[in-house]
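Novice: All I have is the shape, not the residue letters:
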């Protein structure tokens, strides 16, 4: 059992390193784009018609929110998540006493802290990327408006830009969901802890990958919008 704890602990630290590595990659890509341009974390269920309508309403609202409004909304979500995490961590500290080997308890306690730290790191990273993408798209919009004033048909760009904004909004929604998630072991026996020490890291990794994919799609959407504008300018 202790070997499992150590393996998972190493895996979570690897996630932290991967986040830093990917940050450098994403930053480079965004710069290129600008030039040219509980756990409470549970698997996301299939959306019902009602849920889908609600999500669409949220996306529409996010598309029109300013960066300041998005930042305030995300900060509120993170503060609430922090409160829940503190409460769950307190319960965890009581329950983990069932494990008699001190080293095992220490590994679990470090895992709980590491999950929280890595998740916060990802949220900060994604927020920065999505804000940058929104700013880039605003600049490209301004260029498109200039072309429109010159009598050039920019309908193809407008379609691409609308798609990009929708993708950014979808990524922001996923970012908020990730910020709201907490990853804390909730068990009463050593056997249950052993099960969760394998399942929660897997869940955490899946959540991170899913959100990252949406951020990637948002970046691609902005690239496509810029390419559409560039095509118009080359036809002038």
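Specialist: Yes, it's here. Keep in mind it's a predicted model, so treat the numbers as computed, not measured.
Novice: Give me the distance between residue 168 and residue 162.
Specialist: 11 Å (Cβ to Cβ, to the nearest Å). Backbone N, C-alpha and C define where each C-beta goes, glycine included.
Novice: okay, these two: which has more neighbours?
Specialist: residue 168 (27 against 13; other Cβ atoms under 10 Å).
Novice: The nearest residue to the more buried one once chain neighbours are set aside: how many residues sit nearby?
Specialist: Spatially, and ignoring its direct neighbours in sequence, residue 168 is nearest to residue 218 (4.6 Å; Cβ to Cβ, 6 or more residues apart in numbering). Under the neighbour criterion other Cβ under 10 Å, residue 218 is assigned a count of 27.
Novice: What residues sit buried inside the host helix or strand of residue 95?
Specialist: Counting by DSSP states H and E, the element that carries residue 95 is helix 67-95. For helix 67-95, a neighbour-count test (16 or more other Cβ atoms under 10 Å) marks 70, 73, 74, 77, 78, 81, 85, 88, 89, 92, 95 as buried.
Novice: Looking at those residues, spot the one nearest residue 118.
Specialist: Proximity to residue 118 was ranked across the buried residues of helix 67-95 by Cβ to Cβ; first place goes to residue 85, at 13.1 Å.
Novice: residue contacts, residue 91?
Specialist: For residue 91, the contacting residues are 184, 186, by Cβ atoms under 8 Å, 6 or more residues apart in numbering.
Novice: Compute the distance between residue 229 and residue 200, please.
Specialist: Note on residue 229: its distance to residue 200, by Cβ to Cβ, is 44 Å.
Novice: Revised request: answer the last question for residue 224.
Specialist: In terms of Cβ to Cβ, residue 224 sits 36 Å off from residue 200.
Novice: More neighbours: which of the two?
Specialist: Taking neighbours as other Cβ under 10 Å, residue 224 and residue 200 compare with residue 200 leading, 22 against 18.
Novice: Kindly calculate the angle that the longest helix that the chain contains makes with helix 67-95.
Specialist: Identified as the longest helix of the chain according to DSSP state H is helix 102-149. Helix 102-149 runs at 170 degrees relative to helix 67-95, counting by axes from the mean of the first three to the mean of the last three Cα atoms, to 10 degrees.
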